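Chemist: Quick check, what structure comes out for this input:
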Amino acid sequence: MAAKADQRGNSRVVFERGFSAQMMGIDGTWRRDCTMEDVSESGAKLTIDGSVEGLHLKEFFLLLSSTGLAYRRCELAWVNGDQIGVNFLKVGDKKKKVRSTAVGA
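Modeler: Residues are numbered from 1 along each chain as shown. The predicted structure is shown next:
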């Protein structure tokens, strides 16, 4: 493992061989194996095993343990071939966006 700063100034941990994980749809209808290549407080870079064609990637869970007890709620940031960047969502992120939209209306 090596630490370096990302473009947003967050400390990023790069895994030499990657960290095995799984992606799962918010509604639980799909799962994909993936490898977490690096991670920071705000997001991660994943390499996907298999096709992501037709999957709802706007928002999903990243399962970090085989039991599913360690996970992060994610939103897609970018796609480059079989690699994607994800932003981690914090509890209440969606509610804040809705409120700020409603206030501005």
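
Chemist: C-alpha only now, for contacts and for neighbours.
Modeler: Noted.

Chemist: tell me the contacts of Ser21?
Modeler: No Ser there; residue 21 is Ala. 33-36, 62-65 (C-alpha atoms under 8 Å, 6 or more residues apart in numbering).

Chemist: Could you check which helix or strand contains it?
Modeler: Element membership for Ala21, per DSSP states H and E: strand 11-25.

Chemist: Arg32 now?
Modeler: Per DSSP H and E: strand 31-39 holds Arg32.

Chemist: Check which helices and strands that strand sits against.
Modeler: Contacts defined by 3 or more C-alpha pairs under 8 Å, 6 or more residues apart in numbering; DSSP states H and E place strand 31-39 against strand 11-25, strand 43-48.

Chemist: how about the longest one: buried residues?
Modeler: With burial defined by 16 or more other C-alpha atoms under 10 Å, the residues of strand 11-25 counted as buried are 12-14, 18, 20-25.

Chemist: Repeat that for stretch 25-45.
Modeler: By neighbour count with 16+ other C-alpha under 10 Å, stretch 25-45 contains the buried residues 25-26, 31-40, 43-45.

Chemist: Repeat that for stretch 43-62.
Modeler: Going by 16+ other C-alpha under 10 Å, stretch 43-62 has these buried residues: 43-48, 57, 59-62.
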